[in-house]
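J.: Take this sequence and fold it.
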Amino acid sequence: MTNGMLSQTPRTGRESSSPTRESPTYAITADGKTVVITRDGVEKRCRLSEAATMARLSFDGGALIVSESSYLGVETLHACQGKKIDPVHIPEAAGVLGDVNIERNLYVAMTLVSTQPWSYVATVARLGSTANLVDLPGAYSYAKPEEVLAEESFAYSAIQGPFAKISPDGRYVAPDGDISCDADAYVGVWDITNKERVIVDQTQTTAEHECDALFGKKSD
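T.: Okay, here's the model as predicted:
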């Protein structure tokens, strides 16, 4: 928090193709009612219709997560013209918002299973829906008994991170924020299309490189 504001700077290269122009930073005023966008020393303020509690960019940089259940499109923020902006909410039943990819119509949310220790299961769904797109260990399902959900749950911090990640192309998810395709990793990386875990069975260095690459380059 600086000057009473919560802020975050996006990854370079996502907001502008110009190497000489600074990437914007996003901050929430102390009362949570305004997003402050700063770029090249110039501030732009966008008022919100409801108070925000955080300012965290989605993994792809296309959204600003402003609470445990809501987000704002970065393009919407940059286009604000004085009118109050309404944050977009995921369904209440989905849980705590981990990441959102507006372009690919996806979000990841966490459902709390236990507080001793704090552990969660994940929902990967289309925006506006709570239907889980995957059925893997660590994924939430109404059909799973509580004891199974507890057994499959994983550690996660909705405050400190690492935070859930959706690949820019919308195919892969790292629910606990750890991009690892190692066979021993839990919960690992999920392939939404094939509805399976991604396991790279090679040397550790090569496996890490290939796994990171799934989240590093946008494919059309």
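
J.: what sits against the residue nearest to residue 24 when sequence neighbours are not counted?
T.: In space, and not counting its chain neighbours, residue 24 is closest to residue 39: 4.1 Å by C-beta to C-beta, 6 or more residues apart in numbering. Every C-beta, even on glycine, is put in place using the N, C-alpha and C of the backbone. With contacts defined as C-beta atoms under 8 Å, 6 or more residues apart in numbering, the neighbours of residue 39 are 21, 22, 23, 24, 25.

J.: so where's this protein shaky on pLDDT?
T.: 1-21, 202-208, 217-220 (pLDDT under 70).

J.: center of the protein, which residue is that?
T.: Residue closest to the average C-alpha location in the chain (C-alpha atoms, centre = their mean): residue 99, at 1.6 Å.

J.: for it, helix, strand, or coil?
T.: Per DSSP: H, G, I helix; E, B strand; the rest coil, the local secondary structure of residue 99 is strand.

J.: Excluding chain neighbours, what is closest to it?
T.: residue 164 (4.4 Å).

J.: picking that back up, any idea how far the residue nearest to residue 24 is from residue 26?
T.: Computed as C-beta to C-beta, to the nearest Å, the residue 39 to residue 26 distance reads 10 Å.

J.: Show the residue spans covered by the helices in the protein.
T.: Counting by DSSP state H, the chain has helices at residues 74-78, 146-152, 204-216.

J.: So which of the ones you listed is the most surrounded?
T.: Neighbour counts (mean count of other C-beta atoms under 10 Å) averaged over each of the helices of the chain peak at helix 74-78, with a mean of 16.

J.: mind listing what residue 127 touches?
T.: Per C-beta under 8 Å, 6+ apart, neighbours of residue 127: 88, 90, 100, 102, 105, 106, 107.
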